[in-house]
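**Student:** Make a model of this:
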Amino acid sequence: MTTESVFTGLKVLDASSFIAGPAAATVLSDFGADVIKIEPPGQGDPQRRLSSLPPSPRAQANYSWHLANRNKRGMVIDLKSPAGTRILKRLVEWADVVITNFPHGTREKLHLGYDEVAGWNPQVVYADITGFGDAGPDAGQPGFDLTAAWSRSGLLASTRDAGAPPTVPVWGSGDYMSAIAIYAAIVTALYRREQTGQGASVGTSLLAAGVWATGTLVAGALAGGTPFELHDRKAPANPLINPYRTADGEWFMLVASPPHWPGLTRVIGHPELLEDPRFADIEGFVKNSAALAELLDVEFRSRPFAHWKDALDRERVTYSLIQTPEETAQDPQLRANDIVVPLEGVSGLEYTINSPVNLRGVAKVPAKRAPDLGEHNDEILAELGFGPAEIAELRAQGAIPGTTETEPSP
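**Tutor:** Numbers count the residues shown, from 1 in each chain. Got it, this is the predicted structure:
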């Protein structure tokens, strides 16, 4: 039984790789779009190998591949082949949406530039993602999330403590953030097409998404603001927004504001601090941050997290346990809200992560495994109108691999 959803009937050509473009296509597939992913001959999309590269967690299943490519049909096409261009043209004519992340110059050589694609299908929504944007001196530079979304944007320089060197953040996080941006651009263009009948070219960059994520700090810089120093946990700019450790070794993030201050004094058993002139206003908190951080450190280290959880909940002071990814994977809140959902068809991988876009009362399609390399070549070619003899000719011309060359994904 097929689940009907918002984008049932929408046809998407995913001509992108590793990770933002494919992940945007996956969000569309979650809502029922028919997504055809095309990959080059050989090893295909590099994301097929991401799960096996350090520092990705070691596991039997290719979890990264299925996360960003579930619910798609897969083809292998040599876009450098003239016969491959014939297939691409029919796919573009079939599609409502085309997604690519090939660099400018390369995409034109592969017949995936906007002008050529729109010439084949004037109503298509053409969506692309670049590292650093379409203009400027670095428009042609390759970009990954660690370089463009994290490093260039100011985000990475700001997410470390005073005295600590820059570190390597969670790789892929900038890509998944950017995927939602390109998904939003696609949906915006589809809405416009419903009103006008016109196709569109939409896009974003890893840099744009990274700067948006760093927006408060970059906007402050645009305003000529004076930045605070890098965060120092023992003398933070605001001791009410700071991580603290408990007696049993757990860390939690306290995010309190002045209205929480009376409740927080009761939580730590020092209601007399309400009368302490050092903490009478925001300026006092900042000026005396080291003293208050030390006091909170001593108190929070005196008892286990379970005690502080009860006390902070009782006073409705905002906080969160700082969980490892392994702890997060087992957090019941994720399953209660369908943030983690069952995945069908993958040995050793029972669940995957849902996309964060939801329409209440509208079902997403159940998550099914990502395609094996070239798994649906013949099926899709037949749907596009290629007969058996033509398919054999395409194979002989090297546009698609031989039937023995496709390999299953783990």
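
**Student:** Buried residues, stretch 362-369. List them.
**Tutor:** Lys364, Val365, Ala367, Lys368, Arg369 (16 or more other C-beta atoms under 10 Å). Every C-beta, even on glycine, is put in place using the N, C-alpha and C of the backbone.

**Student:** Quick one: these as JSON lines, columns for secondary structure, pLDDT and distance to Thr204 too.
**Tutor:** JSON lines is the format used below for those (DSSP: H, G, I helix; E, B strand; the rest coil; pLDDT from 0 to 100; distance: C-beta to C-beta, whole Å):
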{"residue": "Lys364", "secondary structure": "coil", "pLDDT": "95", "distance to Thr204": "23"}
{"residue": "Val365", "secondary structure": "coil", "pLDDT": "96", "distance to Thr204": "25"}
{"residue": "Ala367", "secondary structure": "strand", "pLDDT": "97", "distance to Thr204": "25"}
{"residue": "Lys368", "secondary structure": "strand", "pLDDT": "97", "distance to Thr204": "28"}
{"residue": "Arg369", "secondary structure": "coil", "pLDDT": "98", "distance to Thr204": "28"}
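
**Student:** quick one: which of the residues you listed is nearest Trp150?
**Tutor:** Ala367 (27.9 Å; C-beta to C-beta).

**Student:** Might one say that the closest one is in contact with Leu343?
**Tutor:** Yes: look at Ala367 against Leu343 with C-beta atoms under 8 Å: they come within range, at 4.7 Å.

**Student:** shared neighbours, the two?
**Tutor:** By C-beta atoms under 8 Å, 6 or more residues apart in numbering, Ala367 and Leu343 have these common neighbours: Arg70, Thr352.

**Student:** Of the buried residues of stretch 362-369, which is the nearest to Ser64?
**Tutor:** Taking C-beta to C-beta as the measure, Ser64 lies nearest Arg369 of those, at 12.9 Å.

**Student:** how far away is the residue lying closest to that closest one once chain neighbours are set aside from Ala68?
**Tutor:** The spatially closest residue to Arg369, leaving aside those adjacent along the chain, is Gly345, at 3.8 Å (C-beta to C-beta, 6 or more residues apart in numbering). For Gly345, the distance to Ala68 (C-beta to C-beta, to the nearest Å) stands at 16 Å.

**Student:** Next: Leu381.
**Tutor:** For Leu381 relative to Ala68 (C-beta to C-beta), the value is 24 Å.

**Student:** More neighbours: which of these two?
**Tutor:** Ala68 (28 against 23; other C-beta atoms under 10 Å).

**Student:** what's the more buried one in contact with, if anything?
**Tutor:** Contacts of Ala68 by C-beta under 8 Å, 6+ apart are Ile19, Pro22, Ala23, Thr26, Gln47, Ala370.

**Student:** Which single one of these is nearest to Val317?
**Tutor:** Ala23 (35.5 Å).

**Student:** I'd assumed Gly174 was in contact with the closest one.
**Tutor:** No: counting by C-beta under 8 Å, Gly174 is not a contact partner of Ala23; they are 11.3 Å apart.

**Student:** Looking at these two, which is more packed in?
**Tutor:** Legend: neighbour count by other C-beta under 10 Å for Ala23 and Gly174, higher for Gly174 (29 against 25).

**Student:** is it true that the more buried one lies in a helix?
**Tutor:** Yes: under DSSP: H, G, I helix; E, B strand; the rest coil, Gly174 sits within a helix.

**Student:** Surely it touches Ala148?
**Tutor:** Yes: the pair Gly174 / Ala148 is scored as a contact, 7.3 Å apart, by C-beta under 8 Å.

**Student:** Look up the residues that both of these two are in contact with.
**Tutor:** With C-beta under 8 Å, 6+ apart as the test, Gly174 and Ala148 both reach Leu206, Gly210.

**Student:** tally of neighbours for Ala370?
**Tutor:** The local packing of Ala370 (other C-beta under 10 Å) involves 29 other residues.

**Student:** Now do it against Pro41, distance only.
**Tutor:** From Ala370 to Pro41 the distance is 18 Å (C-beta to C-beta).

**Student:** separation between the residue nearest to Arg369 and Gly224?
**Tutor:** Between Gly345 and Gly224 the computed distance is 55 Å (C-beta to C-beta).

**Student:** Between the two, point out the one with more neighbours.
**Tutor:** Between Gly345 and Gly224, Gly345 has the larger neighbour count (other C-beta under 10 Å), namely 11 against 6.

**Student:** and that one, what pLDDT?
**Tutor:** Here the pLDDT value assigned to Gly345 is 96.

**Student:** quick one: it and Pro366 touch, right?
**Tutor:** No: here Gly345 does not reach Pro366: they are 10.3 Å apart, not a contact under C-beta under 8 Å.
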